[in-house]
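Chemist: predicted model and sequence below, questions to follow.
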Amino acid sequence: MPTTRTTSPREHIDVLIVGAGISGIGAAYYLQRELPSTSYAILEARGSIGGTWDLFRYPGIRSDSDLYTFGYAFKPWRSDKAIASADAILAYLRETATENGIERKIRFHHKVITAAWSTEDAQWVVDLERTDTGERLVITCRWLFCAGGYYRYDEGFTPRFEGTERFQGQIVHPQHWPGDLDYAGKRVVVIGSGATAVTLVPAMADTAAHVTMLQRTPTYILSIPSEDAIANFLRKILPQEQAHELTRRKNITMQRAVWRLCQRYPRMARRLIRHSNAKQLPKSYPVDEHFNPPYDPWDQRLCMVPDGDLFKAIREGRASVVTDHITTFTERGVALKSGQELEADIIVTATGLNLQAFGGITLTVDGAPVHLPDKVAFKGMMLDGVPNFAFAVGYTNASWTLKIGLLCEHLCRLLAYMDAQGHTICRPELSEPTMERLPLLDFAAGYVKRTIDLWPRQGDRAPWRMSVDYQADTKLLREDSVEDRDLRFSSHVRPARAAGPGDRSERGGGPTSPPEDDATRVCESPSAGPAM
């Protein structure tokens with residue numbers, strides 16, 4: 001489809017949110033609540049809201065975090081199921097957007113291609129493409145907030161396997177699941193052992209002839225109840241909001257305790273997980289071969305299975321686990337290094353995701369390209385040297401949305417502070433350029449390690465450290481001042497002039513964009529942070 005560039009006047013918006021998933025909808029809510037006079041819009045490249053929960057359609061897709069913490073703090077989760085299916089999560093997101101009028105601010109089929117910051121104009125010039133028509137558009141904004149997560153939506157990761165062209169059956173990647181795939185009564189091999197694989201195996205085992213999970217190395221897998229008995233009891237005796245808040249606090253504490261146990265006492269945690277697995281598997285099952293990883297717990301994310309559904313499928317003989325390496329695909333299945341051949345009618349490559357920073361948007365600042373690996377994250381939400389730009393990356397060791405809520409609250413406080421002080425530009429700057437730089441995501445998962453070098457870095461201390469501690473982040477992002485010695489504020493000052501017939505306000509309550517021949521100067525705030 002040929003692209004065409006619009007000739008319509010540029011629209012100006014205070015905050016442009018990229019992505020209409022759980023992070024983008026949350027950001028919109030906080031902006032409306034805390035800064036009702038601030039204009040915003042959400043740009044969504046796809047045709048519907050929900051992000052992950054609308055994109056993935058494979059059998060059994062669900063959360064692996066409880067919805068009291070994965071859901072929003074401001075909207076109680078009312079289902080009896082704490083571990084929820086994708087359709088239930090999607091309904092929750094849609095309800096949130098509808099109840100708060102957020103859906104009216106979403107512009108579907110709008111993909112951001114480039115964003116260019118202009119210090120002279122104190123704004124981003126955002127180049128868009130309409131994915132349904134190919135039309136090119138331009139919008140300017142005061143702040144740009146990337147809320148699209150950290151992986152590519154248009155493709156998953158599939159390693160190269162020898163002989164795939166020989167296989168006579170069907171090969172499917174979970175990120176591109178065919179709606180008409182019929183696996184009833186068929187033999188299925190699922191390649192992988194992460195969250196997607198442990199979800200697919202028991203779901204497909206309900207109707208398939210047999211499902212085999214083929215893994216190179218084991219993964220830590222924990223069984224958790226699909227229902228939270230305490231939460232369901234509290235909802236019977238307390239108002240919904242109060243029950244939700246108490247349950248949320250309880251589950252945050254539990255998540256933090258499990259992670260700390262694994263970090264401080266990895267051997268004990270390993271024994272406890274192995275004991276739990278062994279109890280749910282058949283007697284004399286080779287637990288150490290298939291469920292004893294070579295790394296410590298939480299070096300990679302733990303996989304959660306509700307009500308032990310994976311172990312139940314194994315006990316009942318509907319599913320099995322094979323730990324081996326693939327030599328080649330064959331006409332009938334896959335040949336393994338051990339000499340065994342697994343026959344299959346369908347092979348599912350649950351081999352992971354492709355990471356992508358900020359949706360692949362190309363950023364420039366005053367004409368200079370932003371090379372992401374040279375940048376360091378500030379408070380886990382901004383980049384040094386990049387003004388008026390924020391992004392949302394949630395926790396990898398707890399519920400994603402816990403971090404997103406704190407980031408959105410902090411961004412709102414930051415914008416309110418800037419308005420109160422008359423600042424129009426906010427830019428993090430490293431006061432110690434020689435500070436040690438580390439990967440942004442301190443996580444050993446394969447999908448992270450493959451492309452982490454293309455991402456920004458983190459420092460070795462706050463506020464440049466990418467914290468994974470909810471308690472520490474609560475203090476930093478919710479309770480501490482938005483001012484910091486490494487955060488520079490400046491005022492975008494324009495000389496006064498008589499209004500002309502062509503003048504119009506492009507931003508309610510804020511500075512207007514001048515004609516191109518207006519002189520502009522940037523005044524650095526005399527107090528960029530608290531006294532040291």
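Modeler: Structure received.

Chemist: now Ala398: closest residue in space, sequence neighbours ignored.
Modeler: Gln255 (4.6 Å; C-beta to C-beta, 6 or more residues apart in numbering). In this view, the C-beta of every residue, glycine as well, is placed from N, C-alpha and C.

Chemist: which SS state does the one you found fall under?
Modeler: Following DSSP: H, G, I helix; E, B strand; the rest coil, Gln255 is assigned to helix.

Chemist: give me the neighbour count for it.
Modeler: When counting by other C-beta atoms under 10 Å, one arrives at 19 neighbours for Gln255.

Chemist: where does this protein have its least confident helix or strand?
Modeler: Least confident helix or strand of the chain, by mean pLDDT, DSSP states H and E, is strand 521-524 with a mean of 43.

Chemist: follow-up on the earlier one: who's in contact with the residue nearest to Ala398?
Modeler: By C-beta atoms under 8 Å, 6 or more residues apart in numbering, the residues touching Gln255 are 65, 69, 397-399, 470.

Chemist: with Asn232 instead?
Modeler: Per C-beta under 8 Å, 6+ apart, neighbours of Asn232: Asp80.

Chemist: quick one: average confidence on the helix or strand that contains it?
Modeler: Element membership for Asn232 (DSSP states H and E) is helix 229-237. Averaged over helix 229-237, pLDDT sits at 96.

Chemist: what do you get for stretch 90-104?
Modeler: 97.

Chemist: and the contacts of it?
Modeler: 20-22, 25, 28-29, 32, 42, 49-50, 53-54, 67, 71-72, 75, 77, 84, 106.

Chemist: tell me where the stretch 101-250 of the chain has strands.
Modeler: With strands called from DSSP state E, counting those that start in this stretch, the stretch 101-250 of the chain shows them at 106-108, 110-118, 123-130, 135-146, 151-156, 170-172, 187-191, 210-215, 221-224.

Chemist: mind giving me the domain split of this structure?
Modeler: 4-153+355-493, 158-225+281-351 (automatic domain parsing).

Chemist: lowest pLDDT pick from the contacts of Gln255?
Modeler: Within the contacts of Gln255, pLDDT is lowest for Asn397, at 85.

Chemist: residues contacting that one?
Modeler: 255, 259, 298, 301, 468.

Chemist: the closest residue to Leu281 other than its chain neighbours: what's it in contact with?
Modeler: What sits nearest to Leu281 in space, not counting adjacent residues and going by C-beta to C-beta, 6+ apart, is Phe311, at 5.8 Å. Applying C-beta under 8 Å, 6+ apart to Phe311 gives the contacts 223, 277, 280-281, 305.

Chemist: closest to Ala377 among those?
Modeler: For these, the minimum distance to Ala377 (C-beta to C-beta) is 32.6 Å, reached by Val305.

Chemist: tell me the first helix or strand C-terminal of the strand or helix carrying the closest one.
Modeler: Per DSSP H and E: Val305 is located in strand 303-306. Later in the chain than strand 303-306, the nearest helix or strand by DSSP H and E is helix 309-315.

Chemist: tilt between the next helix or strand after that following helix and strand 187-191?
Modeler: Moving toward the C-terminus from helix 309-315, the next helix or strand (DSSP H and E) is strand 319-323. Comparing the axes of strand 319-323 and strand 187-191 via axes from the mean of the first three to the mean of the last three C-alpha atoms, to 10 degrees yields an angle of 40 degrees.

Chemist: strand 319-323 pairs with which strands?
Modeler: strand 210-215 (parallel) (DSSP bridges).

Chemist: and stretch 394-411, how far out from the chain's middle?
Modeler: 9 Å (C-alpha atoms, centre = their mean, to the nearest Å).

Chemist: brain fart, stretch 149-157
Modeler: Worked out by C-alpha atoms, centre = their mean, stretch 149-157 lies 10 Å from the chain centre.

Chemist: same check on stretch 202-219?
Modeler: Using C-alpha atoms, centre = their mean, the offset of stretch 202-219 from its chain centre is 26 Å.

Chemist: just the terminal-to-terminal distance for it.
Modeler: 16 Å (C-alpha to C-alpha, to the nearest Å).

Chemist: for that stretch, buried residues please.
Modeler: Under the neighbour-count criterion of 16 or more other C-beta atoms under 10 Å, stretch 202-219 has 202-205, 208, 210-215, 218-219 buried.

Chemist: again with stretch 450-460
Modeler: So for stretch 450-460, counting by 16+ other C-beta under 10 Å, buried means 451-452, 455-459.

Chemist: those in strands, which ones?
Modeler: 457-458 (DSSP state E).

Chemist: where does Glu436 sit: helix, strand or coil?
Modeler: Put simply, Glu436 is coil when judged by three-state DSSP.

Chemist: my guess is it contacts Asp460. True?
Modeler: Yes - using C-beta atoms under 8 Å, Glu436 makes contact with Asp460 at a distance of 4.4 Å.

Chemist: contacting residues around Arg465?
Modeler: 458-459.

Chemist: what's the pLDDT at the residue at minimal distance from the centre of the chain?
Modeler: Geometric centre of the chain, nearest residue: Gly149, 3.2 Å, by C-alpha atoms, centre = their mean. Gly149 carries a pLDDT score of 86 in this model.

Chemist: any idea how far it is from Leu406?
Modeler: 16 Å (C-beta to C-beta, to the nearest Å).

Chemist: model confidence at Gly194, what's the number?
Modeler: The model's pLDDT for Gly194 equals 91.

Chemist: could you report the neighbour count for it?
Modeler: 20.

Chemist: now swap in Glu429 and tell me
Modeler: A count of nearby residues for Glu429, using other C-beta under 10 Å, gives 13.

Chemist: ok, Phe391 next?
Modeler: 24.

Chemist: what's the answer for the one 10 residues further on, then?
Modeler: When counting by other C-beta under 10 Å, one arrives at 22 neighbours for Thr401.

Chemist: so the residue nearest to the centre of the chain makes contact with Gly50?
Modeler: No - the pair Gly149 / Gly50 is not scored as a contact, 11.8 Å apart, by C-beta under 8 Å.

Chemist: overlap of the contact sets of these two?
Modeler: Joint contacts of Gly149 and Gly50 (C-beta under 8 Å, 6+ apart) are Gly21.

Chemist: any idea how far Val365 is from the residue nearest to Ala398?
Modeler: The value you get for Gln255 to Val365, if C-beta to C-beta is used, is 37 Å.

Chemist: again with Trp455
Modeler: In terms of C-beta to C-beta, Trp455 sits 18 Å off from Val365.

Chemist: bridged to Arg62, which residues?
Modeler: Bridge pairing for Arg62 - DSSP bridges - gives Ser85.

Chemist: settle this for me: it is touching Thr199, isn't it.
Modeler: Yes - the pair Arg62 / Thr199 is scored as a contact, 6.2 Å apart, by C-beta under 8 Å.

Chemist: one step back: need the max-distance pair from the contacts of Phe311.
Modeler: Farthest pair in the contacts of Phe311, by C-beta to C-beta: Leu281 and Val305, 12.2 Å.

Chemist: so between the two, which is more surrounded?
Modeler: Between Leu281 and Val305, counted using other C-beta under 10 Å, the more crowded position is Val305 (24 against 20).

Chemist: is the more buried one in contact with Pro225, as I believe?
Modeler: No - if you go by C-beta under 8 Å, Val305 and Pro225 don't touch, sitting 10.8 Å apart.

Chemist: where exactly do the strands run in the stretch 351-500 of the chain?
Modeler: Remark: strands assigned in the stretch 351-500 of the chain by DSSP E, counting those that start in this stretch are 353-355, 362-365, 368-369, 377-378, 382-383, 389-391, 425-428, 438-439, 457-458, 487-493.

Chemist: tell me which other helices or strands the second one touches.
Modeler: By that I understand strand 362-365. strand 110-118 (3 or more C-beta pairs under 8 Å, 6 or more residues apart in numbering; DSSP states H and E).

Chemist: how about the last one?
Modeler: Using 3+ C-beta pairs under 8 Å, 6+ apart as the contact criterion, the secondary-structure elements in contact with strand 487-493 are strand 425-428, strand 521-524.

Chemist: please redo it, this time with the cut-off set to 10 Å
Modeler: Contacts defined by 3 or more C-beta pairs under 10 Å, 6 or more residues apart in numbering; DSSP states H and E place strand 487-493 against helix 400-421, strand 425-428, strand 521-524.
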